[in-house]
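Participant: test case, fold it:
(one chain, ligands or ions: 1)
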Amino acid sequence: MIEVSQLVFEYPGHRALDGISVSIPAGSVTALVGPNGAGKSTLMRCIAGLDQPLSGHIRVKGLSVEDQPREVHRHLGYLSDFYGLYDRLTVDRCLQYSALSMGVAEGQVAARVQQVAAQLGLSELLQRYPTELSRGQRQRVAIGQAIVHQPSVLLLDEPASGLDPDARSSLSQLFRLLQAQGMTLVVSSHILSELDEYCTHILSIRNGRIESHEALQDGGMAQTTSATPGMATAADSLALYALEIVPTVAADFEAQLRQALQGTTVQDFDATGKRPIQLWLPATNSARAAWLTRLVQAGIPVAALAPMRERLQDRYARTAQARDTQIPDHVNQELP
Ligand SMILES: Nc1ncnc2c1ncn2[C@@H]1O[C@H](COP(=O)(O)OP(=O)(O)OP(=O)(O)O)[C@@H](O)[C@H]1O
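Facilitator: Sure thing, here's the model as predicted:
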């Protein structure tokens, strides 16, 4: 749906994107993450055709952003991190204006505005002016403006900043609904727990380069990964599981459990049985079954084993840890 190839973008004296190539599949919800200054907003602006890259190409729905920006805009919604609203137009007028400027046929504008207002809980606010709205309500109007023309791709830069927990939760629901309707979303946020709820992919960038781009399995409900992100083959891919054991009082049980789990990457260990042990197991059923058989034969009273989703926060930290422990190429070159 979005194809970015060898994208380079420079601000005067600063290279903000340094050879980004990525393919974002149709119907996915991609969390765009990275530290401050990584290049997230710049990448979104380039995809939206608002900034002209130095080199490289972007295609949205097969259309070239460089050559056909107007056509691309009809398929694309964009919410900037610093969005503006027309304070002298009512909410109704703001939405109408966006719809018309995005090419919605005049006869369909009123219906589209009503539909978007209902989706975003703005129906009661249509006759108000943006200056009379709370921050969260203004945010919803801005999102309404971005989706009123029913784009197939929606780019949202920090959409939940300044929203209260209720508003964040209804925003998550809205994103899930839009995805279910077939929309492709790219959402940047520093609040990983918020992205956790609805993302299917995580795209991590740093210093203008892609650090990792991974799919979260089953729309994110469970996830396979490798012990060393980015270096696994299909055969050695691992998935995160929750292992429940029957609470056991035997004095040497903890040692017995640790012994049985040796060689397995354990993310959260608890020998009391009060909370599940989180651990990485082979993603293939046969290999996992063999592991489980050995565990039971070792006398561990297994009560349940269930796939679980790794929190984005943990995944992000793990990727960063793997990066920090890798020996850079230039260090290798200096070795005798
Ligand atoms: N107008 C500008 N002129 C010069 N440099 C800029 C400009 N805008 C951004 N930059 C630089 O480009 C880099 C990427 O900025 P960008 O806003 O894309 O990062 P970001 O990942 O969105 O950061 P944040 O999480 O803080 O919003 C940063 O180093 C930033 O300082």
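Participant: now do the nearest residue to V148 once chain neighbours are set aside: how many residues are near it, please.
Facilitator: Nearest residue to V148, sequence neighbours excluded (C-beta to C-beta, 6 or more residues apart in numbering): A99, at 4.5 Å. Every C-beta, even on glycine, is put in place using the N, C-alpha and C of the backbone. A99 has 24 neighbouring residues, counting by other C-beta atoms under 10 Å.
Participant: so where is the stretch 151-300 of the chain shaky, pLDDT-wise?
Facilitator: 217-236 (pLDDT under 70).
Participant: how about the residues of it near the ligand?
Facilitator: Proximity of the stretch 151-300 of the chain to the ligand is not found for any residue under the rule C-beta under 6 Å from any ligand atom.
Participant: and the helices in this protein, which stretches?
Facilitator: For the chain, the helices defined by DSSP state H cover 40-47, 69-75, 91-101, 106-119, 135-147, 165-180, 192-196, 253-260, 285-297, 312-325, 329-334.
Participant: return the set of buried residues in the second one.
Facilitator: When burial is assessed from 16 or more other C-beta atoms under 10 Å, helix 69-75 yields the following buried residues: P69, V72, H73, R74, H75.
Participant: if you count contacts, what does that helix end up packed against?
Facilitator: Here helix 69-75 touches strand 63-64, going by 3 or more C-beta pairs under 8 Å, 6 or more residues apart in numbering; DSSP states H and E.
Participant: so what are the sheet partners of the strand it packs on and their directions?
Facilitator: Within its sheet, strand 63-64 is paired with strand 55-60 (antiparallel), according to DSSP bridges.
Participant: residues in contact with the strand it pairs with?
Facilitator: The contact list for strand 55-60 (C-beta atoms under 8 Å, 6 or more residues apart in numbering) reads 1-8, 19-21, 46-47, 49, 64-66, 72, 75-76, 153.
Participant: list buried residues within these.
Facilitator: So, by 16+ other C-beta under 10 Å, the buried ones in the contacts of strand 55-60 are 1-4, 7-8, 20, 46-47, 49, 65, 72, 75-76, 153.
Participant: settle this for me: D51 is touching L43, isn't it.
Facilitator: No. The pair D51 / L43 is not scored as a contact, 9.3 Å apart, by C-beta atoms under 8 Å.
Participant: identify the contacts common to the two.
Facilitator: Counting by C-beta under 8 Å, 6+ apart, the contacts common to D51 and L43 are F9.
Participant: among the two, which residue is more densely surrounded?
Facilitator: More neighbours surround L43 than the other of D51 and L43, with 30 against 16 (other C-beta under 10 Å).
Participant: gap between that one and P12?
Facilitator: According to C-beta to C-beta, to the nearest Å, L43 stands 18 Å off from P12.
Participant: over to P159?
Facilitator: Separation of P159 from P12 (C-beta to C-beta): 29 Å.
Participant: which of those two has more neighbours?
Facilitator: Ranked by neighbour count (other C-beta under 10 Å), P159 and P12 place P159 first, with 26 against 4.
Participant: give me the nearest residue to the more buried one, chain neighbours excluded.
Facilitator: Nearest non-adjacent residue to P159, counting by C-beta to C-beta, 6+ apart: L79, 5.7 Å away.
Participant: mind listing what's buried in stretch 299-314?
Facilitator: Buried residues in stretch 299-314, counted by 16+ other C-beta under 10 Å: I300, L305, P307, M308, R309, E310, L312, D314.
Participant: would you list the phi and psi of the first one?
Facilitator: Same thing as I300. phi -80, psi 120 (degrees, to the nearest 10).
Participant: how close does it get to L292?
Facilitator: 10 Å.
Participant: give the buried residues for stretch 84-99.
Facilitator: Buried positions in stretch 84-99, judged by neighbour count with 16+ other C-beta under 10 Å: L85, T90, V91, D92, C94, L95, Q96, Y97, S98, A99.
Participant: same question but for stretch 246-259, I mixed them up
Facilitator: Buried, per 16+ other C-beta under 10 Å, within stretch 246-259: T248, F253, Q256, L257.
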